[in-house]
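Predicted coordinates and the sequence they were generated for:
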Protein chains: 2
Amino acid sequence: MAARVDLLNKKLKELEATSPDIEGAAVASSEGFIMASALPSGTDEELVAAMSALMVSTGERNTKELDRGELNEVYVRGSDGYLLMRGVGENAVLVTLARKDAKLGLVFLDMRRAADEIKDLV
Amino acid sequence: MAARVDLLNKKLKELEATSPDIEGAAVASSEGFIMASALPSGTDEELVAAMSALMVSTGERNTKELDRGELNEVYVRGSDGYLLMRGVGENAVLVTLARKDAKLGLVFLDMRRAADEIKDLV
């Protein structure tokens, strides 16, 4: 049986292959530690994991306080592209990098599917 | 001359009037303190200000680390609506609540204009 980290890395690679707008992806624990990564080389993965987990947990508190229901996604738009995050069950966060001209509807759909598959691994 | 807080409140009210998809708005300092608010009554404004400033500053660090350029917007999608945030100059953050079925392109445009106007007041 493949190690769990190998299965996670495989799922991330599949996600990148499915969605050409996705340039990188990672799974972080809710505490902000990296679990698996297919991020561009040179990225500080621990920093990205910590910040993504922080954004999702803050987003969850904020949506609750402001009666926006359950958190679905957090998106950060930069001048050169997007960071997209969503919870994976209660224990983890999926973060992806998308191109500037990404079709976000499709990317979100692929992320939702990937998160559903990853949920059983974390 | 009207007090600055009155001018800020006026801008927030104008933003809500321009964009019927916006249900509430506030301006927070980058440190996370409330500067002006047109949020629904009963909202913990200090909490929202603190969390919004945290999300924008974390988003800024994350976009920088991941080569996404300058931060434009942070968006949080909940099952019952959106929270939308953007920086106002370097000292403040504009946060709005939008309906579940909001036309986000228009809301972002109105927010960008409002942020430009508010920038001179903060």
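Cool, got the structure.

and the biggest helix by length in chain A with chain B, contact?
Criterion DSSP state H: the longest helix present in chain A is helix A:45-65. Yes - contact of helix A:45-65 with chain B (C-beta under 8 Å from any C-beta of the partner chain) involves A:47, A:48, A:51, A:52, A:54, A:55, A:58, A:59, A:61, A:62, A:63, A:65. Glycine gets a C-beta too; all of them are placed from N, C-alpha and C.

Can you name the residues of chain A sitting close to chain B?
Residues of chain A lying near chain B (C-beta under 8 Å from any C-beta): A:24, A:39-40, A:43-44, A:47-48, A:51-52, A:54-55, A:58-59, A:61-63, A:65-83, A:97.

Which parts of chain A are strands?
Here chain A has its strands, by DSSP state E, at A:22-29, A:34-38, A:71-78, A:81-88, A:92-98.

Against which helices or strands is the fourth one packed?
Spelled out, that is strand A:81-88. helix A:45-65, strand A:71-78, strand A:92-98, helix A:104-119, helix B:45-65 (3 or more C-beta pairs under 8 Å, 6 or more residues apart in numbering or on different chains; DSSP states H and E).

which of the ones you listed sits most buried?
Using mean count of other C-beta atoms under 10 Å in any protein chain shown, the stretch among the helices and strands packed on strand A:81-88 with the largest mean neighbour count is strand A:92-98, at a mean of 27.

Pull the contacting residues for the residue lying closest to residue A:18 once chain neighbours are set aside.
Once flanking residues are discounted, residue A:18 sits nearest to residue A:110: 5.3 Å by C-beta to C-beta, 6 or more residues apart in numbering or on different chains. Residues in contact with residue A:110 (C-beta atoms under 8 Å, 6 or more residues apart in numbering or on different chains) are A:15, A:18, A:19, A:22.

Of those, keep whichever come out buried.
Buried by 16 or more other C-beta atoms under 10 Å in any protein chain shown: A:15, A:19, A:22, out of those.

Could you verify my assumption that the first one touches residue A:24?
When you say that, I think you mean residue A:15. No - contact between residue A:15 and residue A:24 fails when scored by C-beta atoms under 8 Å: they sit 10.0 Å apart.

which residues do those two both contact?
Residues touching both residue A:15 and residue A:24 by C-beta under 8 Å, 6+ apart: A:38, A:96.

Low-confidence stretches in chain A?
Residue ranges of chain A with pLDDT under 70: A:1.

hmm, try it at 80
Where chain A drops to pLDDT under 80, the residues are A:1-2.

quick one, what contacts residue A:114?
A:11, A:12, A:14, A:15, A:25, A:94.

Same check on residue A:46?
By C-beta under 8 Å, 6+ apart, the contact set of residue A:46 is A:33, A:34.
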